[in-house]
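Peer 1: just coords:
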């Protein structure tokens, strides 16, 4: 799995809360990957709490709300969503038929993002886990 190369990769800092660096990451991607990542980012943003911030986690663009909770990334032959919880992937296993999945990852073609409804479900479920985790 080769990650798509971007010019901003060397300037990213682990754990950085920098939406501008995410802008640069996406801008450096080739088409059609760039358009797909813009759509995915907008879908996640619309489902995330208003207080969520953007930055990088584990070297990937991430949304953070009470800690990192949702990453996405572009690779040379696919894109991925990382709900950062295998429980979310398992919970929506039937909705994810047609996508390649692993314990904590959903993969999709660079030119075919998942539906906004599916991303909304995944993000909302992940936010609920974050809420429960921080309530303990």
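Peer 2: Sure, I can see it. Please read all numbers here as calculations on a predicted model, not as lab measurements. Numbering: from 1, shown residues only.
Peer 1: helix/strand/coil for residue 42?
Peer 2: Judged by DSSP: H, G, I helix; E, B strand; the rest coil, the three-state class of residue 42 is helix.
Peer 1: quick one, phi/psi of residue 60?
Peer 2: Dihedral angles of residue 60 (phi, psi; degrees, to the nearest 10) stand at phi -120, psi 150.
Peer 1: looking at it, residue 91 is touching residue 125, isn't it?
Peer 2: Yes. Using Cβ atoms under 8 Å, residue 91 is in contact with residue 125, at 5.9 Å. (C-beta placed from N, C-alpha, C; glycine too.)
Peer 1: state the pLDDT value of residue 133.
Peer 2: Predicted confidence (pLDDT) for residue 133: 78.
Peer 1: could you give me the average pLDDT of stretch 90-101?
Peer 2: Averaging pLDDT along stretch 90-101 gives 96.
Peer 1: return the backbone torsion pair for the spatially closest residue to residue 118 that is not a sequence neighbour.
Peer 2: If the residues on either side of it in the chain are set aside, residue 118 comes closest to residue 95, at 5.8 Å by Cβ to Cβ, 6 or more residues apart in numbering. Backbone torsions of residue 95, given as degrees, to the nearest 10, read phi -70, psi -20.
Peer 1: much appreciated, bye for now.
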